[in-house]
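# got a predicted model here, sequence first, then my questions.
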Amino acid sequence: MADRSMQEIRSSYAGQLLAAAGIPADPPLLAAFASVPREHFTGAPPWELRGGGREHAALSSDPADLYRDVLVTLDADKGLNNGSPSLHAAGLHALVPRTGETALHIGAGTGYYSAILAELVGPEGRVVAVEVDAVMAARARRCLRPWANVELFEGNGADWPRRPADIVYVNFAVDRPAERWVDMLASGGRLLFPLGVPAGPARGSAPTYSARAGYLLVTRTPQGLAARFLQGVSFVWSAAIPLADDESHARLGAALRRGGGAAAVRSLRWKTPQVAGEWYSEEDWGLSTEPPGGGV
């Protein structure tokens, strides 16, 4: 009876997440969130929960409380959380994982969203989960044992994928994409990562988050690299990629602050010369309001 009750709670939770994310219908995503037990990835209670209508963090030992749109603290000193499920639902919906695909989950934490991805690509597919924190990686390896199609690596997420991937899903903020994330995208492949600027020093002992960031979806098309921002986000900052300089951060921050500007982005320029009039421009990459290939 208890198992059936928790399954009912998970099913209700899945429906609420999709509604909160504004997703009209996505049966595979609904089934994935309804089937993966979140408490399997959050450690022993009591859990520290944030969000879900609460003004302050709260402690709970009731597993049902995990099935709300809340983030769960995994390591407060490092600023590591099992993040907002509705945010991840929106991201995974935009990535459109398909049965049999290969997906990279970079910044896997303890593996909850890696398991969701594993459900979405199915037994015929493959998920490579990468986590830089040794303690989190060890926990994820244990937690993900029931999913035979997931392989967990401890390491720097900028070093993956090692071979072409259909999906690259990044769960930490950066000020530019890592080379492999773009270079190793398969034809039709999708990359989703938080692009932004840090709130403070990203190499200090205290956790640093993005001051301003957006979820950027990049798709490899026959015409080139299509790109669009999904929504504003806040993620823990990553040390995976060397920080850009202050001038670049100032320009990127200004671009992200421009009212409605991010919504006009349509393509990513990658390892080609700069083009005048780009929404954001660095020497070897940039974001443009023009479609990939310059077409209509």
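Sure, I can see it. These figures come from a predicted structure and were not determined experimentally. Numbers count the residues shown, from 1 in each chain.
# hang on, residue 269 packs against residue 287?
Yes - proximity of residue 269 to residue 287 meets the contact threshold set by C-beta atoms under 8 Å, at 7.5 Å. (C-beta placed from N, C-alpha, C; glycine too.)
# give me the common contacts of these two.
residue 278 (C-beta atoms under 8 Å, 6 or more residues apart in numbering).
# neighbour-wise, which of those two wins?
residue 287 (25 against 22; other C-beta atoms under 10 Å).
# beta partners for the more buried one?
residue 268, residue 280 (DSSP bridges).
# any idea how far it is from residue 221?
Distance, residue 287 to residue 221, using C-beta to C-beta, to the nearest Å: 16 Å.
# same question, residue 196
According to C-beta to C-beta, residue 196 stands 25 Å off from residue 221.
# out of the two, which sits in the busier spot?
Taking neighbours as other C-beta under 10 Å, residue 196 and residue 221 compare with residue 196 leading, 26 against 15.
# how much space separates the more buried one from residue 91?
Distance, residue 196 to residue 91, using C-beta to C-beta: 15 Å.
# and what of residue 104?
In terms of C-beta to C-beta, residue 104 sits 13 Å off from residue 91.
# repeat that for residue 293.
26 Å.
# now swap in residue 152 and tell me
Taking C-beta to C-beta, one finds residue 152 at 20 Å from residue 91.
# quick one, longest helix in the protein?
Criterion DSSP state H: the longest helix present in the chain is helix 2-20.
# could I get the buried residue list for that helix?
Neighbour counts over helix 2-20 (16 or more other C-beta atoms under 10 Å) mark 9-11, 13-14, 16-18 as buried.
# over to stretch 123-140?
125-133, 136-137, 139-140.
# and the strands in the stretch 1-150 of the chain?
47-51, 58-60, 70-75, 80-82, 102-106, 126-131, 150-154 (DSSP state E, counting those that start in this stretch).
# and the last one, what does it pack onto?
Put plainly, it is strand 150-154. Applying 3 or more C-beta pairs under 8 Å, 6 or more residues apart in numbering; DSSP states H and E, we find strand 150-154 packed against helix 112-121, strand 126-131, helix 134-143.
# can you get me a residue count around the residue nearest to residue 182 when sequence neighbours are not counted?
Excluding the flanking residues, the one nearest residue 182 by C-beta to C-beta, 6 or more residues apart in numbering is residue 270, at 5.5 Å. For residue 270, the neighbour count with other C-beta under 10 Å is 17.
# wait, isn't residue 270 in contact with residue 185?
No - contact between residue 270 and residue 185 fails when scored by C-beta under 8 Å: they sit 10.0 Å apart.
# how near is residue 127 to residue 289?
Distance, residue 127 to residue 289, by C-beta to C-beta: 34 Å.
# ugh, wrong one, I meant residue 276
Counting by C-beta to C-beta - residue 276 and residue 289 are separated by 12 Å.
# of the two, which one has the most company?
residue 289 (13 against 5).
# my read: residue 108 touches residue 131, true?
Yes - using C-beta under 8 Å, residue 108 is in contact with residue 131, at 4.5 Å.
# no further queries at this time; thank you.
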